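Engineer: quick one, what's the 3D model for this:
(one chain, ligands or ions: 2)
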Amino acid sequence: MKRYLITGCAGFIGSNFVYHMLNKYKDIQLVNLDKLTYAGNLENLKGALGDPRHIFVQGDICDRELVSGLFEKYRFDCVINFAAESHVDRSITNPEIFVETNVLGTVNLLQCAKNAWYEGGRWAVGKKFLQVSTDEVYGSLGEDGYFMETTPLCPHSPYSASKTSADLFVMAFHDTYGMPVNITRCSNNYGPYQFPEKLIPLMINNCKTKKGLPVYGDGMNVRDWLYVEDHCKAIDMVAQGGRDGEVYNVGGHNEKPNIFIVKTIIKELHDKYDDTIDESLIQYVADRLGHDRRYGIDPTKIRSELGWYPETPFEEGIVKTIDWYLANEEWMQHVTSGDYQKYYEEMYKNK
Ligand code: NAD
Ligand code: DAU
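Structural biologist: Residues are numbered from 1 along each chain as shown. Ligands and ions are numbered 1, 2, ... in the order given. This is a model prediction of the structure:
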């Protein structure tokens, strides 16, 4: 049986990863360490909480005693670190927490893994530390070209600076101590359980509640969208077969300008939810500071080495996603009550 420490898996991608792993592997143990910040939600895991293969632990990845106790108790074979502060806009207003969780938290996990796996000058066999990173570490593209694993790191936002710093620590543990590591760098994900501070669920929720749709700048910034299940599959493949010390970019060549995404959501909701939802809801608002213009991933390496490819075309994934949010109104109500209202007012008041 393979034993995993997975962190941050009450959040968007992590909860989808839990379901992916439980559906795929019978003989597995997942210890899910999550602090349950505003972005973490046990409702995301309701299909996994009763499963004996999944053990949920509420706690902070920065907590040395807790994490080393988990290593002692469960003798992990693999750590997959999803835990992070993940929202760029929040990092612009409050960078410190991004350093704490994304940098110091990752270093704490690396230290605990090293203490558990490195004995008598040798690494225990069959171990791996997988860092779930982002294409934002590469900065921004012009009109042409793609991010490759060899593209120089050039982060712009406090979020991406913190993720880059974490990546550098992961590689430092590999280069200095020989730790077995991989890093995945994925483009923008969409799908079920995404917190409605992010573009797609925010626009779906605002359409439904007939709020304005705040499009930053000219709406022509480009993101490379990937259905979350395809990302989960890539992480699983890298965990099983990634070459030691290697970085793998993950993306499905699905670049779209933001305004295209917003108009697609409007059309879909107009047709299937309420025909008074239309483009008059769009509001062009002040741009995000330091807004990266374009992301685009070259996934050649993961495709040729591990056979990964995206299975869900955008046209299908976006419909599945919208249908999920329409079918899970209660989930949306829970996550948008309380603190979310304050967040929304603060974030968008000057826009
Ligand atoms: P999310 O914000 O939805 O979830 C983050 C989770 O981490 C939450 O459950 C939260 O409670 C938990 N967490 C936060 N701080 C913690 C701490 N100190 N200790 C333990 N748990 C903590 O994020 P997401 O979108 O699911 O992203 C997951 C990972 O994937 C992140 O590392 C992010 O950088 C990376 N990533 C995200 C995307 C994307 O499009 N969302 C794309 C590429 C990479
Ligand atoms: O590229 C991977 C990254 O994708 C991940 O590392 C991050 O964790 C994840 O949050 C995401 O970052 P983005 O900043 O690209 O995602 P977000 O959904 O916040 O924004 C997507 C685009 O939409 C971006 O160009 C900003 C724009 N936007 C966003 C919001 C929230 C708007 O125009 N209006 C909005 O209200």
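Engineer: could you see whether ligand 1 lies near stretch 117-137?
Structural biologist: Yes - applying Cβ under 6 Å from any ligand atom, one finds stretch 117-137 in contact with ligand 1 at 132, 134. In this view, the C-beta of every residue, glycine as well, is placed from N, C-alpha and C.
Engineer: show me where this protein has its helices.
Structural biologist: When secondary structure is read from DSSP state H, the chain shows helices at 12-24, 64-74, 88-93, 96-98, 106-117, 158-177, 199-208, 228-241, 258-272, 300-306, 314-327, 329-336, 339-348.
Engineer: show me which residues of this protein sit near ligand 1.
Structural biologist: Counting by Cβ under 6 Å from any ligand atom, the chain comes close to ligand 1 at 7-8, 10-14, 33-37, 39-40, 60-62, 82-86, 101, 105, 132, 134, 163, 186, 188-189, 195.
Engineer: would you reformat the helices of the chain as CSV and include mean neighbour count, distance to residue 56 and mean pLDDT?
Structural biologist: Below are these laid out as CSV (neighbours: other Cβ atoms under 10 Å; distance: least, Cβ to Cβ, whole Å; pLDDT from 0 to 100):
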stretch, mean neighbour count, distance to residue 56, mean pLDDT
helix 12-24, 21, 9, 98
helix 64-74, 16, 12, 98
helix 88-93, 18, 24, 98
helix 96-98, 17, 22, 98
helix 106-117, 21, 17, 98
helix 158-177, 20, 23, 98
helix 199-208, 22, 23, 98
helix 228-241, 21, 18, 98
helix 258-272, 18, 32, 98
helix 300-306, 16, 29, 98
helix 314-327, 17, 22, 98
helix 329-336, 15, 18, 97
helix 339-348, 13, 22, 95
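Engineer: make TSV out of those and add distance to residue 145.
Structural biologist: What follows is the helices of the chain, written out as TSV (distance: least, Cβ to Cβ, whole Å):
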stretch	distance to residue 145
helix 12-24	26
helix 64-74	39
helix 88-93	22
helix 96-98	28
helix 106-117	29
helix 158-177	18
helix 199-208	23
helix 228-241	22
helix 258-272	20
helix 300-306	13
helix 314-327	21
helix 329-336	37
helix 339-348	32
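Engineer: who's in contact with residue 205?
Structural biologist: 196, 211, 325, 332, 336 (Cβ atoms under 8 Å, 6 or more residues apart in numbering).
Engineer: and which of these is nearest to ligand 1?
Structural biologist: Set against ligand 1, the nearest of the contacts of residue 205 by Cβ to the nearest ligand atom is residue 196 (10.7 Å).
Engineer: the closest one and residue 203: what is the separation?
Structural biologist: Applying Cβ to Cβ, to the nearest Å, the value for residue 196 to residue 203 is 9 Å.
Engineer: ditto for residue 336
Structural biologist: Residue 336 is 13 Å from residue 203, by Cβ to Cβ.
Engineer: try residue 16
Structural biologist: For residue 16 relative to residue 203 (Cβ to Cβ), the value is 20 Å.
Engineer: check residue 161 too.
Structural biologist: Plainly put, residue 161 is 27 Å away from residue 203 if you go by Cβ to Cβ.
Engineer: also residue 160?
Structural biologist: 22 Å.
Engineer: try residue 309
Structural biologist: The value you get for residue 309 to residue 203, if Cβ to Cβ is used, is 28 Å.
Engineer: before we move on, what about residue 100?
Structural biologist: Distance from residue 100 to residue 203, by Cβ to Cβ: 30 Å.
Engineer: cool, residue 318 as well?
Structural biologist: As judged by Cβ to Cβ, residue 318 and residue 203 stand 11 Å apart.
Engineer: shared neighbours of those two, anything?
Structural biologist: Common neighbours of residue 318 and residue 203 (Cβ under 8 Å, 6+ apart) are residue 265.
Engineer: where does the protein come near ligand 2, residue by residue?
Structural biologist: Counting by Cβ under 6 Å from any ligand atom, the chain sits next to ligand 2 at 86-88, 134-136, 187-188, 198-199, 202, 214-216, 221, 223, 258, 288, 295.
Engineer: cutoff 5 Å now
Structural biologist: Applying Cβ under 5 Å from any ligand atom, one finds that the chain approaches ligand 2 through 86, 88, 134-136, 188, 198-199, 214-216, 221, 258.
Engineer: beta partners for the closest residue to residue 250 other than its chain neighbours?
Structural biologist: Distance criterion Cβ to Cβ, 6 or more residues apart in numbering; nearest residue to residue 250, sequence neighbours excluded, is residue 186 at 4.0 Å. Counting by DSSP bridges, residue 186 is bridged to residue 134, residue 250.
Engineer: quick check: residue 186 touching residue 248?
Structural biologist: No - checked against Cβ atoms under 8 Å, the pair residue 186 and residue 248 is beyond contact range at 9.1 Å.
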